[in-house]
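> Need the 3D shape of this:
(one chain, ligands or ions: 1)
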Amino acid sequence: MSKVFNFSAGPSMLPEPALQAAAKAAIDYNGCGMSLMTMSHRSKPIVAMFAETEALLREALDIPQNFKVLFLQGGASLQFCMVPMNLLPQDGCADYTITGVWAKKAAKEAKLFGKVNEACSSAEATFSYIPKELKQDPKATYLHVTSNNTIYGTEWKSFPKPANPNGYLVVDMSSDILSRKFDWTNMGLVYAGAQKNMGPAGVTIAIVRDDILGKVERVIPTMLSYATHIEGESMFNTPPVFSVYVVNETLKWVKSVGGVDALHKINERKAAKLYKAIDDSSFFKNPVAVEDRSPMNVTFVPTAEGHDEQFIDFCKARGLVQLKGHRSVGGFRASIYNAMPEEGVDALIEAMKDFEKQL
Ligand SMILES: *Cc1c(COP(=O)(O)O)cnc(C)c1O
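Numbering: from 1, shown residues only. Reported below is the predicted structural model:
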């Protein structure tokens with residue numbers, strides 16, 4: 001068993017069964033007599049494991065057949081560049097919703113390849129809310145959205161509709177993929193680094209609609225082209241087999257607890273009780289718009305100065321770690337992804353109450 005409740009925003013907690021399976025596979029993969037880390041990605045068991053991982057992900061998120069599932073490297077940060085490089089025509093335009101640092105970084109990369117229209121921004125209020133009105137370019141190829149803003153603790157509860165009838169959504173789901181189901185109707189591409197809610201660092205998932213590629217004229221380096229990885233079935237070059245395996249085991253755990261809908265309910269319950277504890281407290285407050293509160297990353301700040309370190313140490317002594325907020329927000333952040341047990345949230349709430357009592 002893990003010894004502490006780890007509230008880190010990423011890399012973050014993983015389900016215990018996935019860690020146990022990974023520990024075994026590190027020594028001997030499924031009785032093959034060798035470590036998974038030493039096995040050829042082209043060997044039968046590994047090709048089968050990749051196919052199973054894809055099938056589990058398709059089942060978990062109801063991914064339609066006209067989408068390809070890719071296991072890539074380079075993190076979500078490389079997707080910031082691969083997305084516009086593959087999708088944004090030189091003379092075209094893309095809409096970006098600026099709801100946090102990650103969204104800003106995505107837009108910055110897109111500007112290297114074409115025109116970027118900032119459809120909305122909550123920068124003026126330290127990204128403490130999700131803008132409700134968008135000024136989209138009616139000709140935009142795609143509309144980019146950061147589903148959950150990991151640093152600020154805000155989430156789009158539903159995705160905006162692209163104004164261009166031929167446009168589509170591109171969504172960075174790094175920090176809330178597998179936490180809820182969503183509608184695929186306007187989706188073009190979904191991407192997510194695994195290390196928040198899906199597995200360890202090293203693998204990035206991209207789910208690409210098959211008709212959006214091949215529409216730009218620029219030369220795309222082989223490794224940066226989605227087409228390469230579709231053609232190579234995520235094995236154009238050596239893929240991060242061990243990371244994909246942990247994703248596989250995490251997906252099996254997701255299924256074993258009732259799937260994404262069941263987790264969604266649990267996530268809502270965990271988040272509701274933590275936000276209630278913050279709202280009920282006179283020492284902590286949550287700095288984001290109530291309707292946009294993230295069920296994954298719960299940010300809270302002290303109402304009085306000078307207690308930050310004290311609270312972090314208080315929690316640490318109880319085995320509640322990694323609660324420091326991002327430096328741009330300050331205060332505290334509890335990341336309570338799928339793998340954070342409800343007991344972890346309960347223990348944090350108790351610590352908050354006890355801390356306040358002894359002040
Ligand atoms: C963590 C994070 C990223 C960056 O992911 P890397 O895999 O480290 O590149 C991008 N977007 C969001 C929403 C994130 O939470």
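> where along the stretch 1-150 of the chain do the strands fall?
5-6, 67-72, 93-98, 115-121, 142-146, 148-149 (DSSP state E, counting those that start in this stretch).
> Same question for the stretch 251-359 of the chain.
Along the stretch 251-359 of the chain, the segments classed as strands by DSSP E, counting those that start in this stretch run 284-285, 297-302, 320-321, 332-335.
> any chance of the ones you listed in CSV, plus mean neighbour count, distance to the ligand and mean pLDDT?
All C-beta spots, glycine's among them, are computed from the backbone N, C-alpha and C. Shown next, in CSV, are the strands of the stretch 251-359 of the chain (neighbours: other Cβ atoms under 10 Å; distance: least, Cβ to the nearest ligand atom, whole Å; pLDDT from 0 to 100):
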stretch, mean neighbour count, distance to the ligand, mean pLDDT
strand 284-285, 17, 23, 96
strand 297-302, 24, 8, 96
strand 320-321, 18, 19, 98
strand 332-335, 25, 10, 98
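> nearest to T141, of those?
strand 297-302 (29.7 Å; Cβ to Cβ).
> now for the closest one, which elements pack on it?
Under the contact criterion of 3 or more Cβ pairs under 8 Å, 6 or more residues apart in numbering; DSSP states H and E, strand 297-302 touches helix 259-280, strand 284-285, strand 332-335.
> Highest mean neighbour count out of the ones you listed?
Of all the helices and strands packed on strand 297-302, strand 332-335 has the most neighbours on average by mean count of other Cβ atoms under 10 Å, namely a mean of 25.
> That strand packs against which elements?
strand 297-302, helix 308-316.
> Alongside the ligand, which residues does this structure contribute?
G10, G75, A76, S77, W102, T146, T150, D172, S174, S175, G193, K196 (Cβ under 6 Å from any ligand atom).
> How many residues are close by the fourth one?
Counted with other Cβ atoms under 10 Å, the burial measure for S77 works out to 15 neighbours.
> Would you check that it makes contact with K105?
Yes. Look at S77 against K105 with Cβ atoms under 8 Å: they come within range, at 7.0 Å.
> Tell me the bridge partners for F67.
As for beta bridges, F67 partners with R209 under DSSP bridges.
> quick one: it and the ligand, what's the gap?
F67 sits 20 Å away from the ligand, going by Cβ to the nearest ligand atom, to the nearest Å.
> what sits against the residue lying closest to E133 once chain neighbours are set aside?
With Cβ to Cβ, 6 or more residues apart in numbering as the criterion, E133 has its nearest non-adjacent residue at 6.7 Å, and that residue is C120. Counting by Cβ atoms under 8 Å, 6 or more residues apart in numbering, C120 makes contact with T97, I98, T99, P131, E133, L134, K135.
> I212 touches L88, doesn't it?
No. Contact criterion Cβ under 8 Å: I212 and L88 do not qualify, at 10.9 Å.
> ok, how many other residues are close to F7?
With neighbours defined by other Cβ under 10 Å, the count for F7 comes to 25.
> residue contacts, it?
Residues near F7 by Cβ under 8 Å, 6+ apart: L320, V321, Q322, L323, R333, A334, S335, I336, M340, G344, L348.
> domain parsing for the chain?
As assigned by automatic domain parsing, the chain contains the domains 5-14+258-358, 17-256.
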